[in-house]
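**Student:** Here's my sequence, what's the structure:
(chains A and B)
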2 protein chains.
Amino acid sequence: MPKLRVNNLAISLDGYAAGPGQSVQHPLGVDGTRLHEWVFATRSGNAMLGMEGGDTGIDDDFIAAGDEGVGATIMGRNMFGPIRGPWGDETWDGWWGDEPPYHHPVFVLTQHPRPPLEMAGGTTFHFVDGGIEEALERAFWVADGADVRIGGGPATIQQYLRAGLIDELHLVIVPILLGGGERLFDDLGDATRRYECVEVVSSPAVTHVRLARTSA
Amino acid sequence: MPKLRVNNLAISLDGYAAGPGQSVQHPLGVDGTRLHEWVFATRSGNAMLGMEGGDTGIDDDFIAAGDEGVGATIMGRNMFGPIRGPWGDETWDGWWGDEPPYHHPVFVLTQHPRPPLEMAGGTTFHFVDGGIEEALERAFWVADGADVRIGGGPATIQQYLRAGLIDELHLVIVPILLGGGERLFDDLGDATRRYECVEVVSSPAVTHVRLARTSA
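**Tutor:** Reported below is the predicted structural model:
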């Protein structure tokens, strides 16, 4: 059975998956880039940006594995861009330049319809205004037997967790304190009770934790 | 210079340092004992309870190190017992039996004065109603050049963090989700900005993180 996965979701020691105050200047919130320094130290992290170099090892393996077997990605609107409300002139085409590092269909949750946006390298952004389950159905349809990944941000992952739809959640604990931002583990009620830890492994930089939904 | 330390403070992946609903039946809150299973798997953890057996290794080393060089402990009233308000008949003498595992003076923060309580094995509980700084001053005085440790609970550690008084904070991330309870990293404002991670090491059971206050 194809799965709904979250991979390489970085959280600080104080539980923040994004810093406060997201803007064009701070796509991950103020100080949020500190959550992702470990990514760009890896070979696979650099390759996502079209660059060479970087380390191999545990972190690189997890970054690479995060892309394997994924046929579609779902993301919240705030992960796609800083615009709130209507799309305006529709010139915003994501944070990632002409060739985003997805190379498959990406479903962006929004209240505001917009035509699909086809980018170089196989990424097409589809804007879904019918809610998280419609996005999931469409994503599994186009993934055609492959897994679907939720890219983020925290609020989108929370929505899918509350709905009990996520099969695997791979967290990366970054040993920093952000002091504020968007928490992953907030307002989840009993939604996390069905998850158990199936792997913990630390690199010199971060600690990887894999959680899986129990069948019970 | 002697330090104010927190050692072996266990938190869940979702950030809880104690479960919800502390009571006589659940001293660490409902499900809170799951935060401490790693302690009682170690030789030093068992020794605290007067028992033999248990594992050596990383976790055992950290448990043992948590006691080294400590001359006094400070704890919140809820860590001392489940009684709220006045002390009543004063028969409550802690969770730990006749010989508590401290073996030095312990300062219990409370609004309600009570005479000192001398236990077997060198532990005396002193009840301090003058606030966190008075407790700290008295603790450093009796520690006589040794370090002072804050035992907990989370609310007490938060008070000392907000006041900028903690020098070292050793967290133990336990790979479970509690879903509720008392968070360590809440309502701290900018108090964590001056801390940086100086060590991360994982055992098969948990991940140890040592944070230290920067001199800046």
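**Student:** Who does the residue lying closest to A:V201 once chain neighbours are set aside form a beta bridge with?
**Tutor:** Nearest non-adjacent residue to A:V201, counting by Cβ to Cβ, 6 or more residues apart in numbering or on different chains: A:H208, 5.1 Å away. (C-beta placed from N, C-alpha, C; glycine too.) On the basis of DSSP bridges, A:H208 takes part in beta bridges with A:V172, A:V201.
**Student:** Run through the residues that contact A:H208.
**Tutor:** The contact partners of A:H208, by Cβ atoms under 8 Å, 6 or more residues apart in numbering or on different chains, come to A:58-59, A:62, A:170-173, A:199-202.
**Student:** Can you name the residues of chain A that neighbour chain B?
**Tutor:** Within chain A, the positions adjacent to chain B are A:13-15, A:171, A:173, A:175-177, A:179, A:185, A:188-190, A:192-193, A:195-197, A:200-202, A:207, A:209, A:211 by Cβ under 8 Å from any Cβ of the partner chain.
**Student:** Are any of those residues buried, and if so which?
**Tutor:** A:13-15, A:171, A:173, A:175-177, A:179, A:185, A:188, A:192, A:195, A:197, A:200, A:202, A:207, A:209, A:211 (16 or more other Cβ atoms under 10 Å in any protein chain shown).
**Student:** now for the helix or strand containing A:G45, which elements pack on it?
**Tutor:** Under the criterion of DSSP states H and E, A:G45 resides in helix A:43-48. Contact analysis of helix A:43-48 by 3 or more Cβ pairs under 8 Å, 6 or more residues apart in numbering or on different chains; DSSP states H and E lists helix A:58-67 as its packing neighbours.
**Student:** for the record, mean pLDDT for the helix it packs on?
**Tutor:** Average pLDDT, helix A:58-67: 97.
**Student:** And it, what's buried?
**Tutor:** Buried residues in helix A:58-67, counted by 16+ other Cβ under 10 Å: A:58-60, A:62-64, A:66-67.
**Student:** Just the closest of these to chain B, please.
**Tutor:** The closest of the buried residues of helix A:58-67 to chain B turns out to be A:I58 (Cβ to the nearest Cβ; 11.1 Å).
**Student:** Show me where chain A has its strands.
**Tutor:** A:4-12, A:16-18, A:70-76, A:105-109, A:117-118, A:124-128, A:147-152, A:168-174, A:182-183, A:195-202, A:207-213 (DSSP state E).
**Student:** so what does the second one touch, helix or strand wise?
**Tutor:** When contacts are defined as 3+ Cβ pairs under 8 Å, 6+ apart, strand A:16-18 sits against strand A:4-12, helix A:154-162, strand A:182-183.
**Student:** tell me the average confidence for that strand?
**Tutor:** Strand A:16-18 shows a mean pLDDT of 93 in the predicted model.
**Student:** how far is it from where the chain is centred?
**Tutor:** 12 Å (Cα atoms, centre = their mean, to the nearest Å).
**Student:** in its sheet, what does that strand sit against?
**Tutor:** According to DSSP bridges, strand A:16-18 forms sheet pairs with strand A:182-183 (antiparallel).
**Student:** List the residues that contact the spatially most central residue of chain A.
**Tutor:** Nearest to the mean C-alpha position of chain A, counting by Cα atoms, centre = their mean, stands A:G151 at 2.0 Å. Contacts for A:G151 (Cβ under 8 Å, 6+ apart) come out as A:73-75, A:79, A:106.
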